[in-house]
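[1] here is the input, now give the coordinates:
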Amino acid sequence: MRIVFVGAFIVLLSLGVRATFGLFMQPMGLEFGWGRDVFSLAFAIQNLVWGAGAIFMGVLADRYGSGKTIALGALFYVAGLIGMRFAGDELTLYLTAGVLVGLGQAGTTFPIILPVVARSVPPAYRSTAMGIASAGGSMGQFAIVPTGQVLISTLDWSGALWILSMFVAAGIPLAWILRGRPAAHTGTQSLSAAIREALGHASFHFLFWSYFVCGFHTAFITLHLPAYVMDKGLSSTHGAIAIALIGLFNVLGSFYAGKLGTHRSKKGLLAAIYALRGVGMAMLLVMPLSPAVLYAFAAWMGLFWLGTVPLTQGLIGQIYGLRYAATLSGIAFMGHQIGSFIGVWMGGYAYRTSGNYDSVWMTGIALSLMAAALCLPIREKPLQLAPAH
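    I've put the predicted structure just below:
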């Protein structure tokens with residue numbers, strides 16, 4: 001269980017710090033004259049690099065070991081945060097908060113951590129263990145977002161970035177505990193054969209595009225919800241509390257998604273999660289916004305926030321095996337990050353052109369229904385291994 005909890009803690013640090021980025025939009029924007037579209041593009045780049053980098057990091061983890069890969073990711077992440085502190089122009093912001101932090105997240109989050117966790121426990125406990133590790137990301141959101149708000153208030157945004165970079169740096173020595181790589185067995189597939197098999201299987205594409213929707217939702221809400229609530233007359237503190245509540249309630253959501261996935265259909269649970277997200281977004285739009293409504297929305301969304309992760313990655317391991325799970329998870333995660341790129345960018349574009357986020361919320365509801373429909377035809381039965389090449 002040590003590997004499970006260390007993996008959860010590294011994800012806690014990585015995703016917790018990531019969830020604070022929306023808090024920097026206002027103070028950095030005021031200092032440098034950047035609009036929301038500038039921040040939206042920076043974090044859209046971050047999400048796209050995160051997705052593409054996850055494939056590269058997955059190959060590194062499968063071939064050279066997860067510990068080295070996680071440590072490399074943490075180094076990129078720290079460099080990006082420190083570089084963001086000195087970003088006085090838009091290009092530097094894109095290169096630091098966008099490219100470097102994106103590469104850092106690729107090596108310190110789910111596509112790399114969860115396959116390590118899955119290999120460390122017996123098959124009967126894999127889904128639950130991945131739920132625990134996924135809950136670490138949510139606990140980070142709950143614990144680190146309010147901390148980030150306090151740091152910005154007391155140390156200014158620049159001082160806050162120094163402290164947050166120290167949080168991420170703690171993952172470098174911890175990576176040693178997660179060292180190792182998947183064992184190769186005689187007769188198993190080559191990496192190229194595993195990728196071809198997955199890409200030729202319809203269920204992998206259903207997982208890829210449903211994960212796209214997950215990314216759209218989570219990235220848009222994480223970055224733009226604090227600004228959205230301020231537009232509606234609430235304070236930045238209300239926005240920070242809402243983001244933290246999403247994280248708190250997803251500790252339960254991720255854990256129970258993983259636990260239920262042990263005994264019930266993972267694809268059925270995924271379809272339900274996506275549909276229920278749409279219900280929460282509809283609630284936010286139709287009810288007059290108040291702190292109580294905002295917090296109820298945050299709690300509801302939190303229950304279904306990252307519960308998709310142990311189920312999606314559990315299905316990848318269940319259908320395609322664990323030998324190249326990091327690589328295949330990285331490819332599927334690219335779908336998540338394409339969705340993240342579009343969600344973050346679309347939020348900034350919609351606000352710049354219309355002055356509100358209504359069209360993005362409506363798109364999010366429609367995508368919830370699409371993702372639920374995509375999950376239902378997934379075939380959960382394990383595939384027979386293709387021959388090695």
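[2] could you point out the longest helix in the chain?
    helix 126-169 (DSSP state H).
[3] list of residues touching the helix or strand following it?
    Later in the chain than helix 126-169, the nearest helix or strand by DSSP states H and E is helix 171-174. For helix 171-174, contacts defined as Cβ atoms under 8 Å, 6 or more residues apart in numbering pick out 6, 9, 10, 13, 14, 70, 71, 73, 74, 75, 77, 108. Using the backbone N, CA and C atoms, a C-beta is placed for each residue, glycine as well.
[4] which of the residues you listed count as buried?
    Buried members of those, counted by 16 or more other Cβ atoms under 10 Å: 6, 9, 10, 13, 14, 70, 71, 73, 74, 75, 77, 108.
[5] I'd like to know which elements the host helix or strand of residue 338 is packed against.
    Here residue 338 sits within helix 325-354, counting by DSSP H and E. Applying 3 or more Cβ pairs under 8 Å, 6 or more residues apart in numbering; DSSP states H and E, one finds that helix 325-354 contacts helix 36-64, helix 110-120, helix 191-199, helix 202-231, helix 308-320, helix 358-375.
[6] please produce JSON lines containing the ones you listed, extended by mean pLDDT and distance to residue 264.
    Listed next are these as JSON lines, based on pLDDT from 0 to 100; distance: least, Cβ to Cβ, whole Å:
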{"stretch": "helix 36-64", "mean pLDDT": "86", "distance to residue 264": "27"}
{"stretch": "helix 110-120", "mean pLDDT": "83", "distance to residue 264": "18"}
{"stretch": "helix 191-199", "mean pLDDT": "88", "distance to residue 264": "24"}
{"stretch": "helix 202-231", "mean pLDDT": "92", "distance to residue 264": "17"}
{"stretch": "helix 308-320", "mean pLDDT": "89", "distance to residue 264": "10"}
{"stretch": "helix 358-375", "mean pLDDT": "96", "distance to residue 264": "13"}
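[7] picking up where we left off before, between the helix holding residue 338 and helix 202-231, how big is the angle?
    Here helix 325-354 runs at an angle of 40 degrees relative to helix 202-231 (axes from the mean of the first three to the mean of the last three Cα atoms, to 10 degrees).
[8] what count of nearby residues applies to the closest residue to residue 159 other than its chain neighbours?
    Take residue 159 and drop its neighbours on the chain: the residue closest to it by Cβ to Cβ, 6 or more residues apart in numbering is residue 151, 6.7 Å away. When neighbours are defined as other Cβ atoms under 10 Å, residue 151 has 20 of them.
[9] ok, residue 268 next?
    16.
[10] helices or strands next to the host helix or strand of it in the packing?
    Per DSSP H and E, residue 268 falls inside helix 266-286. Judged by 3+ Cβ pairs under 8 Å, 6+ apart, helix 266-286 is in contact with helix 202-231, helix 236-263, helix 291-303, helix 308-320, helix 358-375.
[11] for residue 92, find the nearest of the ones you listed.
    Of all those, helix 202-231 sits nearest to residue 92, with 19.1 Å by Cβ to Cβ.
[12] my guess is residue 374 contacts residue 212, does it?
    No. Using Cβ atoms under 8 Å, residue 374 is not in contact with residue 212; the gap is 9.1 Å.
[13] what about the stretch 151-300 of the chain, any weak spots by pLDDT?
    The stretch 151-300 of the chain contains residues with pLDDT under 70 at 180-189.
[14] try 50 this time
    For the stretch 151-300 of the chain, residues meeting the criterion pLDDT under 50 lie at 186.
[15] got the buried residues for the helix holding residue 338?
    By neighbour count on 16+ other Cβ under 10 Å, the buried set for helix 325-354 is 325-351.
[16] out of the contacts of helix 171-174, which is nearest to residue 135?
    In terms of Cβ to Cβ, no member of those lies closer to residue 135 than residue 9, at 11.1 Å.
[17] how long is stretch 90-104 end to end?
    End-to-end distance for stretch 90-104, by Cα to Cα, to the nearest Å: 20 Å.
[18] and that stretch, which residues are buried?
    Buried residues in stretch 90-104 (16+ other Cβ under 10 Å): 93, 94, 95, 96, 97, 98, 99, 100, 101, 102, 103, 104.
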